[in-house]
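>>> With the sequence up front, the predicted model follows.
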Amino acid sequence: MAVTKQRFDLKSWIQFGGRYIYPNQHDDEKYIEICSKQVDRSMRNFLIRLAVMLAMEIAMEMVIVVMYTVPKLIEYEFQKLDEKLKESRSDMVNVHRTFRNIVQQIMDTDYYAMKISDGWYWRSFSAPIAFTYGIAMSIFCEYTMNFMAGYFSALISYLQLYYLCAAADTFSNDGTCEILYEIKWYVLPIKFQKDIMHLINRRQNKKSLSVGPFADLNIETFYDISKRIYSFIMFLLNFFD
C-alpha cells in the first residue's frame, strides 16, 4: 500500500497559511474579502461544534449530579426514619408517612433512570464504537503519515470514552441498594420489610446504559475497550508494515 512520505509540522503549516491567507500582505480588497469570509466561516463552524459538544457534556453532568445527590437524600431520609423508630415506636402513623415518602423517591428515581436509559440508547451504543475507531485511526495516521493532531485527538477521544464509562458506572451503581441493606429493617413492621425486599429487587434489576445488547457501560467495559483499541492499532500497524 502506497503511503505518502510527505511530512507536515505545525510550524510549516502556520507559515503556509501566513503566506497566502494573512490579509495584511495583500492590497486587493476582493482578496482580503475572500480570506476574511472563509476565516469567519471556519470560526463560526468551530463555535457551533464547540457549543453542541458543551451542551451534551453539561446535560450528562447534570444527570450525574442528580444521580449522586438523590441517593444521599434517600440515605438521610432513612436516618430520620431510624431516629423516629428509636424515639417513639408507638407513633406508627408518622413512621408510615416517612417510609412511604422514601419509597416514592426511590420509585421516581427508577422511573427517570429508565427514561434516561431509553433516551440515550443510541448514544451509549454508538459512542464506544466511534471512539475505538477514531482513537485507533488517529494514532495510525500520526505514526504513518505524521498527522499533526493525531496523538492529541486520540487523547481527547480516550478521555471522553473514560468519562462516558465512568458516568454510566455512576448511573448504574448509585448506592441505593447499599442504603437499603444497611438500614435497621428488623425494627420495622413486617409489611415494611416486604416493601424493602421489593425495592432491593427493583434496584438490582434496574436499567443501565449499555453498548446495545453486547455489554453494560462501566469501568470494566472501559478496560475491555482499551484492550480492543490496542489490538486494533497493532493490527493496522502490522498490516501497514
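Arrived safely, thanks for sending. Numbers count the residues shown, from 1 in each chain.

>>> Poorly predicted segments of the protein, please.
Scanning the chain for pLDDT under 70 picks out 1-28, 32, 87-91, 147-148, 174-175, 241.

>>> could you pull out the strands for the protein?
For the chain, no strands are identified by DSSP state E.

>>> CA atoms of stretch 176-196 as PDB?
Provided in PDB are the C-alpha atoms of stretch 176-196 (Å, rounded to 0.1, in the frame of the first residue of the first chain):
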ATOM      1  CA  THR A 176     -29.300   2.900  46.900                       C
ATOM      2  CA  CYS A 177     -29.000  -0.900  47.400                       C
ATOM      3  CA  GLU A 178     -26.300  -0.400  50.000                       C
ATOM      4  CA  ILE A 179     -28.500   2.000  51.800                       C
ATOM      5  CA  LEU A 180     -31.400  -0.400  51.800                       C
ATOM      6  CA  TYR A 181     -29.100  -3.200  53.200                       C
ATOM      7  CA  GLU A 182     -27.700  -1.000  56.000                       C
ATOM      8  CA  ILE A 183     -31.000   0.300  57.500                       C
ATOM      9  CA  LYS A 184     -32.500  -1.200  60.600                       C
ATOM     10  CA  TRP A 185     -35.100  -3.100  58.700                       C
ATOM     11  CA  TYR A 186     -35.600  -5.600  61.500                       C
ATOM     12  CA  VAL A 187     -37.300  -3.000  63.700                       C
ATOM     13  CA  LEU A 188     -39.800  -2.100  61.000                       C
ATOM     14  CA  PRO A 189     -43.200  -3.800  60.700                       C
ATOM     15  CA  ILE A 190     -43.400  -6.900  58.500                       C
ATOM     16  CA  LYS A 191     -45.300  -5.000  55.800                       C
ATOM     17  CA  PHE A 192     -42.500  -2.500  55.500                       C
ATOM     18  CA  GLN A 193     -39.900  -5.300  55.500                       C
ATOM     19  CA  LYS A 194     -41.600  -6.800  52.500                       C
ATOM     20  CA  ASP A 195     -41.600  -3.400  50.800                       C
ATOM     21  CA  ILE A 196     -37.800  -3.100  51.400                       C
END
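
>>> buried stuff in it?
Within stretch 176-196, the residues that count as buried by 16 or more other CB atoms under 10 Å are T176, C177, I179, L180, I183, L188, F192, D195, I196. Every residue, glycine included, has its C-beta placed from N, CA and C.
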